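Asker: Predicted coordinates and the sequence they were generated for:
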Amino acid sequence: MTSNGLPDHGTASRGGSPPREADIIVIGAGMGGGTLAYALRDAGAKVLLVERGGYLPAERQNWEPKAVFSGRYKPAESWVDSAGRAYTPGMHYFVGGNTKMYGAALTRFREEDFGELTHHGGESPAWPVGYRELEPYYTAAESLYRVHGEVGQDPTEPRHSRDFPYPPLPHEAAVARLGDRLRAQGLHPFHLPMGIDYRPGGKCVWCATCDGFPCLVQAKSDAEVCAIRPALESGNVEISTHTKVLRLKTGPDGKRVVAAEVERDGERFELRADTFVVAAGAANTTAILLRSGENGLANGSDQLGRNYMQHHMSAVMAVAARPGQTVFQKTIGVNDFYLGGAHWQYPMGSAATFGKLTGEILHQARRAVPAAVLDQLGRRSVDWWLMTEDLPDPENRVTLDASGRIAVRRTLNNHEPHTRLIRAVKKMLAKAGYPVAFHQEFGLETNSHHCGTARMGTDPAVSVVDAHGKAHDLENLYVADSSVFPASGANNPSLTIAALALRMAHQRFGVTDLLDRMHSPLSPATR
Ligand SMILES: Cc1cc2nc3c(=O)[nH]c(=O)nc-3n(C[C@H](O)[C@H](O)[C@H](O)COP(=O)(O)OP(=O)(O)OC[C@H]3O[C@@H](n4cnc5c(N)ncnc54)[C@H](O)[C@@H]3O)c2cc1C
Ligand code: SF4
């Protein structure tokens, strides 16, 4: 068993000899790779998940802001920006990937996000898959990740073929009051779709250290808990942890990948399979493919690594005159500005509460301010996370520098709507009884929503993979993470990554009964 109480399949492989071949190798055990492994568990194929990290340990530091914000769970790795400045990326290399730390807001993209959408900063392109086709996979993903929510409250919410599997999370008193005041302004606050185990008898203890922290009691619907664990139980899926994929090798005709060269405990060796799926996250997927050939693999049209996006993101701390302490406040959202506002015709983005900013958390970022002041602010605040669409730009790209480090070039685009969103949200909150609001915008190092570097499309000249994630240039190489997004929308990405992975399993890997299975009462997805 691991220290988080889960069967330690990875260490078992580690101690013995990890499998060296499989039918399908999935590289990266995060949202995309983990969900795909789950979907392939009964596909009649031997699946090997290859993950560079280990299991995230269950330890008291999981819930300690000081430990978490000092980077306990971040890798000792730096990436560089276009000026050559090194920074620590917001990555977490564990079984479950970035979902071990995520805030578990599991929202669907809007139907409009899949079509062409005119923004202030330019056009957001259409996807080669539309919302209608993706809808059943969204429904299945909500089931797998046990999402709490309520259909029909948010006017931008696209059609759902089924209700959310679990009722919406309750609002705490301060959040409920705020919701009433927003409704009185003519806005449409809604229950944020959330993946935490708050079912009757569920494991969640409703704490203030959820978003940005690992869950000490395994109650967060992360990819390890909801997808990888049941996948490994099937016996058809194995995992090799602490196994970093360095590059892929092709056969003599260059049309098929034949092996992944990996490093594990200082030893280099090859893993062989019929099919390879890369799901290492938008930057690492690019890095693996760039290292796999003189000009990279799946890079025939020089598109790999381009169109890097990561949302414009800001936190707004809205402070009321009187204390109204919240514990778990991430239950409400407002999308009234998503497609534009009363005085602005362009999309601005989404606003939703996020992890509680307590005095202790604020102290990690604002050491010069007296702790007592920060504590009082935390007791009076409700805290919001704002997201605006970042548009694809071929010049915003991931490459490797001379020493092999990931280099990210990004010139801001479509930023004016974000500034307007911050203003609109502050105004909305002031009218609702929060007269003071501070905001902080996050930069390149807050890359939690990065995407777009191996975009899907029908035209190989301007995309890397086809509409099902298969590389245009290769017969047996797929990409199943956020890299494939043609546009970033202004919503949380994980549910869309999961829905695309389920669609890939169903439509490309022959798991024809996937959707029936996902809704069966016997399915781990519904238990
Ligand atoms: C603090 C935080 C809060 C967030 N909140 C939300 C939220 O509320 N809602 C939401 O939808 N999203 C949220 N996200 C974003 C979400 O976690 C990511 O969008 C999602 O995990 C991306 O999935 P992925 O499959 O693309 O990559 P990941 O989940 O990052 O998985 C990639 C995996 O590949 C592994 N890997 C990388 N390189 C290699 C290699 N060379 N060899 C082998 N393995 C490799 C990594 O270790 C990792 O396990 C948040 C993220 C963070 C950090
Ligand atoms: S709120 Fe629930 S799911 Fe989130 S970390 Fe706390 S116990 Fe875990």
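Answerer: Looks like it arrived, so ask away. Numbers count the residues shown, from 1 in each chain. Ligands and ions are numbered 1, 2, ... in the order given.

Asker: Assign a three-state SS to Met91, would you?
Answerer: Per DSSP: H, G, I helix; E, B strand; the rest coil, the secondary structure class of Met91 is coil.

Asker: if I pick it, what's in contact with it?
Answerer: Counting by C-beta atoms under 8 Å, 6 or more residues apart in numbering, Met91 makes contact with 74-75, 77, 98, 281, 283-284, 447. In short, each C-beta sits where N, CA and C put it, glycine included.

Asker: which residue sits closest to Arg110 in space, ignoring its chain neighbours?
Answerer: Closest residue to Arg110 apart from its sequence neighbours, by C-beta to C-beta, 6 or more residues apart in numbering: Thr156 at 5.2 Å.

Asker: can I assume the one you found sits in a strand?
Answerer: No: under three-state DSSP, Thr156 sits outside any strand and is assigned coil.

Asker: what sits against it?
Answerer: Neighbouring residues of Thr156 by C-beta under 8 Å, 6+ apart: 110, 112, 335, 338-339.

Asker: Just put those in a markdown table and tack on pLDDT.
Answerer: Formatted as a markdown table, the contacts of Thr156 follow (pLDDT from 0 to 100):
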| residue | pLDDT |
| --- | --- |
| Arg110 | 98 |
| Glu112 | 97 |
| Asn335 | 97 |
| Tyr338 | 97 |
| Leu339 | 95 |
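
Asker: Let me know the average pLDDT across stretch 87-104.
Answerer: On average, the pLDDT along stretch 87-104 is 97.

Asker: quick one: buried residues of that stretch?
Answerer: Neighbour-count burial for stretch 87-104, with 16 or more other C-beta atoms under 10 Å as criterion, is recorded at 89-104.

Asker: From those residues, pick the one nearest ligand 2.
Answerer: Among these, Ala104 lies closest to ligand 2 (C-beta to the nearest ligand atom), at 7.0 Å.

Asker: Tell me who's in contact with the spatially closest residue to that closest one that is not a sequence neighbour.
Answerer: Closest residue to Ala104 in three dimensions, ignoring its sequence neighbours and counting by C-beta to C-beta, 6+ apart: Gly195, at 4.2 Å. Listed by C-beta under 8 Å, 6+ apart, the contact partners of Gly195 are 104-106, 145-148, 220-221, 226.

Asker: What of Ala318?
Answerer: Ala318 makes contact with 381-384, 426, 429, 434, 436-437, according to C-beta under 8 Å, 6+ apart.

Asker: Quick one, which of the residues you listed are buried?
Answerer: When the contacts of Ala318 are checked against 16+ other C-beta under 10 Å, the ones flagged as buried are 381-384, 426, 429, 434, 437.

Asker: how about the residues you listed in CSV, adding pLDDT, secondary structure and distance to Asp253?
Answerer: Output for the buried ones among the contacts of Ala318, formatted as CSV (pLDDT from 0 to 100; DSSP: H, G, I helix; E, B strand; the rest coil; distance: C-beta to C-beta, whole Å):
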residue, pLDDT, secondary structure, distance to Asp253
Ser381, 92, strand, 60
Val382, 93, strand, 59
Asp383, 95, strand, 55
Trp384, 97, strand, 53
Lys426, 97, helix, 59
Leu429, 97, helix, 60
Tyr434, 95, coil, 63
Ala437, 95, strand, 60
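
Asker: my guess is Leu36 is in a helix, correct?
Answerer: Yes: using three-state DSSP, the assignment for Leu36 is a helix.

Asker: mind checking how far it is from Arg503?
Answerer: From Leu36 across to Arg503, the span is 10 Å (C-beta to C-beta, to the nearest Å).

Asker: Could you check which of those two has the larger neighbour count?
Answerer: Leu36 (33 against 25; other C-beta atoms under 10 Å).

Asker: Ala505 is in contact with the more buried one, correct?
Answerer: Yes: under the criterion of C-beta atoms under 8 Å, Leu36 makes contact with Ala505 at 5.9 Å.

Asker: before we move on, back to that, can you narrow the contacts of Gly195 to ones near ligand 2?
Answerer: Contacts with ligand 2 within the contacts of Gly195, counted by C-beta under 6 Å from any ligand atom: Lys220.

Asker: Of all pairs in the contacts of Gly195, which one is the farthest apart?
Answerer: The span of the contacts of Gly195, defined through C-beta to C-beta, is set by Ala105 and Cys226 at 14.9 Å.

Asker: For the residue of the stretch 251-400 of the chain found nearest ligand 2, what is the enclosing helix or strand?
Answerer: Here the stretch 251-400 of the chain gets closest to ligand 2 at one residue, Phe328, 5.2 Å apart by C-beta to the nearest ligand atom. With elements taken from DSSP states H and E, nothing contains Phe328; it lies in neither a helix nor a strand.

Asker: do you know how far Met518 is from ligand 1?
Answerer: Remark: distance between Met518 and ligand 1 (C-beta to the nearest ligand atom, to the nearest Å) = 19 Å.

Asker: burial of Gly349, as a residue count?
Answerer: That count, for Gly349 with other C-beta under 10 Å as the rule, works out to 28.

Asker: ok, it - contacts?
Answerer: So Gly349 contacts 312, 337-338, 386-389, 417-418, 421, 490 (C-beta under 8 Å, 6+ apart).

Asker: Residue numbers of this protein in contact with ligand 1?
Answerer: Residues of the chain lying near ligand 1 (C-beta under 6 Å from any ligand atom): 27-33, 50-53, 90, 93, 97-99, 101-105, 211-212, 244-245, 279-281, 284, 288, 448-449, 481-482, 492-494, 497.
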